[in-house]
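Enquirer: need a structure here:
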Amino acid sequence: MPDDVPRAFCSFCLKAGTEVAVLVAGPGVYICDGCVALCAGLVDAHGRAGARSEGAPAAPWAAEADLDAVLAAIPRVAESRNQADHALAQYVARAREMGASWARVAQVMGITRQSAWERFSGAR
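Expert: Below you'll find the predicted structure:
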């Protein structure tokens, strides 16, 4: 794998792609087979219960009671951010290859043209 491509991690459980059987890619995110199975079970159970979820989903960091577990997750969360940043840069590069102006890229991102150019042009 080239050095500029971050290792892929499940965006939900933070397991590396090498630790799971299947890792499905989305736009800047990944989900492993284990999390898909867990989600399918939750959706199925939710459907049987017929109830609607109330409020926001629980934040995974809030559920952790062990400091070591929280600290252990930080590098993987940072790697997930790197993974998403890499995917974003690839989408921007593809949009530019297809003729999108820096102004158009900036508009869809909600930033200035100058900010888009500085972040993604590679001219530093």
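Enquirer: so what's the spatially most central residue of the chain up against?
Expert: For the chain, residue 29 is the residue whose C-alpha lies nearest the centre (C-alpha atoms, centre = their mean; 3.3 Å). Contact partners of residue 29, counting by C-beta atoms under 8 Å, 6 or more residues apart in numbering, are 11, 83, 84, 87. The way it works is simple: take the backbone N, C-alpha and C, and place the C-beta from them, glycine included.
Enquirer: count of residues packed around residue 59?
Expert: Neighbour count for residue 59, taken as other C-beta atoms under 10 Å: 8.
Enquirer: contacts only, for it.
Expert: Contact analysis of residue 59 by C-beta under 8 Å, 6+ apart lists nothing.
Enquirer: separation between it and residue 18?
Expert: According to C-beta to C-beta, to the nearest Å, residue 59 and residue 18 sit 27 Å apart.
Enquirer: same thing with residue 114?
Expert: 39 Å.
Enquirer: what of residue 69?
Expert: According to C-beta to C-beta, residue 69 and residue 18 sit 21 Å apart.
Enquirer: contacts only, for residue 114.
Expert: Counting by C-beta under 8 Å, 6+ apart, residue 114 makes contact with residue 106.
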